[in-house]
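Chemist: Below are the sequence and a predicted model for it; my questions follow.
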Amino acid sequence: MLSLIRKTLRKKMTHQVNDSKLKEKDEKSILKLASKIEGKKSSIAEELEKISEKEKQRILTTEVSKHRGKESTIISLAYAILRKDSIAVEKMLRVAKENGILKDILDATTTIKYPGGQEETCTPLTYAILCKNSKTIEETLKVSKENGILKDILNATTTIKYPDGRRATVTPLAYAILYEDSIAIEEILKVSKENGILKDILNTTATIRYPDNKEVT
């Protein structure tokens, strides 16, 4: 499944910004940022610094489509995660932290639609788990801890819509268990224990809603 996502998003196709209300200059900034991530350019931080402080949050959380705008919508941070560009991820998280918008960035979602009909709406942390990007998982947990938002980030939910009509809502820990990512599970449990929130994290629940509205927690 992961190889399919990478194959889809790495095709050389035009990026498209999914926000018709965005100013033209800010749309150009988003497209330029996406292009630099795709080319793994070292000047990503400089590009971010050109964006006004007022617009940084909107620009960093605006979705950009690839694959002719049909299959996947992805924020800039998630695009860097997919491409395993640790430098771009670190720079975006640093800029977000310096501008007081770190939680907004880590709460922003990326939507993935699979050919079979399954759809997932992921936070940057669960997207890193999906991409098996252990470096970003570790960095995200670290920066969340340093900024006092770790519990919020570990309580944030990812939604999975299945072709048969089921809808699951899961936390990052449950998502890591679902995708059998032992490294992510270990990192989440370790940082939770170190910060005295292990019981809270282990007490979180996953919810599955069926087409007949039956709900299992």
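Modeler: Great, that's in hand.

Chemist: So which residues of the protein form helices?
Modeler: Applying DSSP state H to the chain gives helices spanning 2-9, 24-38, 44-50, 53-61, 76-82, 86-98, 102-107, 124-130, 134-146, 150-155, 172-178, 182-194, 198-202.

Chemist: Comparing the ones you listed by mean pLDDT, which bottoms out?
Modeler: With a mean of 46, helix 2-9 has the lowest mean pLDDT of the helices of the chain.

Chemist: do you know how far residue 155 is from residue 129?
Modeler: 15 Å (CB to CB, to the nearest Å). Where you see a C-beta, it was placed from the backbone N, CA and C, and this is true even at glycine.

Chemist: With neighbour numbers in mind, choose between the two.
Modeler: residue 129 (30 against 14; other CB atoms under 10 Å).

Chemist: quick one, what contacts that one?
Modeler: By CB atoms under 8 Å, 6 or more residues apart in numbering, residue 129 lies in contact with 137, 172, 175, 176, 179, 181, 184.

Chemist: what's the distance between the fifth one and residue 89?
Modeler: With distances taken as CB to CB, residue 179 is found 19 Å from residue 89.

Chemist: Equivalent analysis for the second one, please.
Modeler: With the distance defined as CB to CB, residue 172 ends up 16 Å from residue 89.

Chemist: and what of the first one?
Modeler: Between residue 137 and residue 89 the distance is 10 Å, computed by CB to CB.

Chemist: mind checking the end-to-end distance for stretch 99-119?
Modeler: End-to-end distance for stretch 99-119: 32 Å, by CA to CA, to the nearest Å.

Chemist: Tell me which residues of it come out buried.
Modeler: By neighbour count on 16 or more other CB atoms under 10 Å, the buried set for stretch 99-119 is 99, 101-103, 105-113.

Chemist: Equivalent analysis for stretch 189-201, please.
Modeler: Buried residues in stretch 189-201, defined by neighbour count with 16+ other CB under 10 Å: 191, 192, 195, 201.

Chemist: How about stretch 83-97?
Modeler: The neighbour-count check on stretch 83-97 (16+ other CB under 10 Å) flags 83, 84, 85, 88, 89, 90, 91, 92, 93, 95, 96 as buried.

Chemist: so which of those residues comes closest to residue 76?
Modeler: Closest to residue 76 out of the buried residues of stretch 83-97 is residue 92 (6.7 Å), distances taken as CB to CB.

Chemist: Leaving out chain neighbours, which residue sits closest to the closest one?
Modeler: Once flanking residues are discounted, residue 92 sits nearest to residue 77: 5.2 Å by CB to CB, 6 or more residues apart in numbering.

Chemist: how about the contacts of residue 129 in TSV, adding distance to residue 212?
Modeler: Output for these, formatted as TSV (distance: CB to CB, whole Å):
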residue	distance to residue 212
137	36
172	28
175	25
176	29
179	27
181	31
184	33
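
Chemist: Can you select the buried ones from these in ChimeraX?
Modeler: In ChimeraX syntax, the buried subset of the contacts of residue 129 is picked out as below (16+ other CB under 10 Å):
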select :137,172,175,176,181,184
